[in-house]
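Visitor: Turn this into a structure:
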Amino acid sequence: MSEERRRELGQFLRDRRGNLVRAELGLPPIGRSRTLGLRREEVASYAAVSVTWYTWLEQGREINASRQVLEAIARVLGLTSAEKSYLLALGGYTPVPTAHAGVIEETPAHLQRLLDTLEFPAFAVAPDWGIAGWNRAYAGLYSRIASVGLADRNLLWLIFTDPHLREMLPDWEETSRHFVAEFRAEAGARLGSEAHTALINRLVEASPEFAKLWGDRGVERFASRQRVFLHPAVGELIFEQHRLVPSDAPELHLVMYAPVPGTPTSARMRELAGVGA
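Guide: Here you go, the predicted structure:
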């Protein structure tokens, strides 16, 4: 396990331990008024490990934590399914990518053909959230995609640094929070890699909003949800966002925006296609 992943694992445990409500666990306050947080001794006792070992784990020391122990700690801390998966990934219980994993510059031809058959916006996302391919409808929705340089053609980078995209998202605060939490959930095994560290450092420097959300250590699994865009040419567009993983290219995720029935979205997307033609 890399040093950065050990540090992140320790900080993640400290954050989650400190946020637990003692009364909900049937425990009295610490002192006269502290109602939040478990002591390290309490977590260690409930997880059936020594206090010294658990302390070292939170301190990011170079020790080995088995899957069974991490799962026990996850139960004690009441972690969500996404948080548990993230914890296990930090502990090394997912495949560790190679030095170049995550960087995919172009969608395979057969998947690009699939994207091109779709009449609604769709694009392919690499493990580092680089946008590796898109269809004509997505270019109509986000007209700058073709002109963005490869280094900046990253979904996380664009959501925090492109003012035009930000203006199109009336719920930017909520959307950006979801994106950061989902990215963190998927990035556990890549922590410490050169490419991942460079992307995070670049985002922290470029966006105080990203730095704040990244520091909050939110973790979420991707969930299909409604997305609303305010397009400068045709107005409000309402989609349902879905993500599919091709079985023959699992490192890529296909993100699709299906127009919500009963809204003028489909007609407005056809209008955009006409303008593009």
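
Visitor: Where does pLDDT dip in the stretch 151-277 of the chain?
Guide: Scanning the stretch 151-277 of the chain for pLDDT under 70 picks out 189, 275-277.

Visitor: hey, where'd the helices end up in it?
Guide: Assigned by DSSP state H, counting those that start in this stretch, the helices in the stretch 151-277 of the chain fall at 155-161, 163-168, 172-187, 194-206, 208-216, 265-276.

Visitor: of all those helices, which lies closest to residue 132?
Guide: Of all these, it is helix 155-161 that lies closest to residue 132, at 10.5 Å by C-beta to C-beta. Where C-beta positions appear, they are placed from N, C-alpha and C, glycine not excepted.

Visitor: ok, residue 235 to residue 173 distance?
Guide: From residue 235 across to residue 173, the span is 21 Å (C-beta to C-beta, to the nearest Å).

Visitor: Same list as before, the helices of the stretch 151-277 of the chain that is, but in TSV and with distance to residue 71 and mean neighbour count included.
Guide: Shown next, in TSV, are the helices of the stretch 151-277 of the chain (distance: least, C-beta to C-beta, whole Å; neighbours: other C-beta atoms under 10 Å):
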stretch	distance to residue 71	mean neighbour count
helix 155-161	29	20
helix 163-168	39	13
helix 172-187	17	19
helix 194-206	25	15
helix 208-216	24	16
helix 265-276	43	16
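
Visitor: And those helices: which comes nearest residue 50?
Guide: Using C-beta to C-beta, the nearest of the helices of the stretch 151-277 of the chain to residue 50 is helix 172-187, at 29.3 Å.

Visitor: number of nearby residues for the residue nearest to residue 256 when sequence neighbours are not counted?
Guide: Of all residues not flanking residue 256 in the chain, residue 122 sits nearest, at 4.4 Å (C-beta to C-beta, 6 or more residues apart in numbering). For residue 122, the count of nearby residues is 24 (other C-beta atoms under 10 Å).

Visitor: start the count at 775, not 1, going forward
Guide: Fine by me, first position is 775 from now on; the one you just mentioned is residue 896.

Visitor: Next up, the contacts around residue 896.
Guide: Going by C-beta atoms under 8 Å, 6 or more residues apart in numbering, residue 896 touches 889, 908-909, 911-912, 1028-1031.

Visitor: Show me which residues of stretch 792-805 are buried.
Guide: Using 16 or more other C-beta atoms under 10 Å as the test for burial, stretch 792-805 gives 794, 796.

Visitor: Kindly format the C-alpha coordinates of that stretch as CSV.
Guide: Below are the C-alpha coordinates for stretch 792-805, written out as CSV (Å, rounded to 0.1, in the frame of the first residue of the first chain):
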residue,chain,number,x,y,z
GLY,A,792,-15.5,11.7,14.7
ASN,A,793,-18.9,12.1,13.1
LEU,A,794,-20.7,9.3,14.9
VAL,A,795,-23.5,10.3,17.2
ARG,A,796,-22.8,8.6,20.5
ALA,A,797,-26.4,8.5,21.7
GLU,A,798,-27.5,6.6,18.6
LEU,A,799,-25.0,3.9,19.6
GLY,A,800,-26.2,3.8,23.2
LEU,A,801,-23.1,5.5,24.5
PRO,A,802,-23.0,8.4,27.0
PRO,A,803,-21.3,11.8,26.1
ILE,A,804,-17.6,12.1,26.5
GLY,A,805,-17.1,14.5,29.4
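
Visitor: What lies in contact with that stretch?
Guide: When contacts are defined by C-beta under 8 Å, 6+ apart, stretch 792-805 is touched by residues 808-813, 816, 851-852.

Visitor: Centre of the chain to that stretch, how far?
Guide: 29 Å (C-alpha atoms, centre = their mean, to the nearest Å).

Visitor: sorry, back to before: the residue nearest to residue 1030 and residue 805, how far apart?
Guide: Distance from residue 896 to residue 805, by C-beta to C-beta: 55 Å.

Visitor: Check residue 1036 too.
Guide: As judged by C-beta to C-beta, residue 1036 and residue 805 stand 56 Å apart.

Visitor: How about residue 1029?
Guide: Counting by C-beta to C-beta, the gap from residue 1029 to residue 805 is 49 Å.

Visitor: quick revisit: need the contacts of residue 896 in CSV (columns: neighbour count).
Guide: Below are these laid out as CSV (neighbours: other C-beta atoms under 10 Å):
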residue, neighbour count
889, 21
908, 23
909, 22
911, 23
912, 23
1028, 20
1029, 20
1030, 20
1031, 23
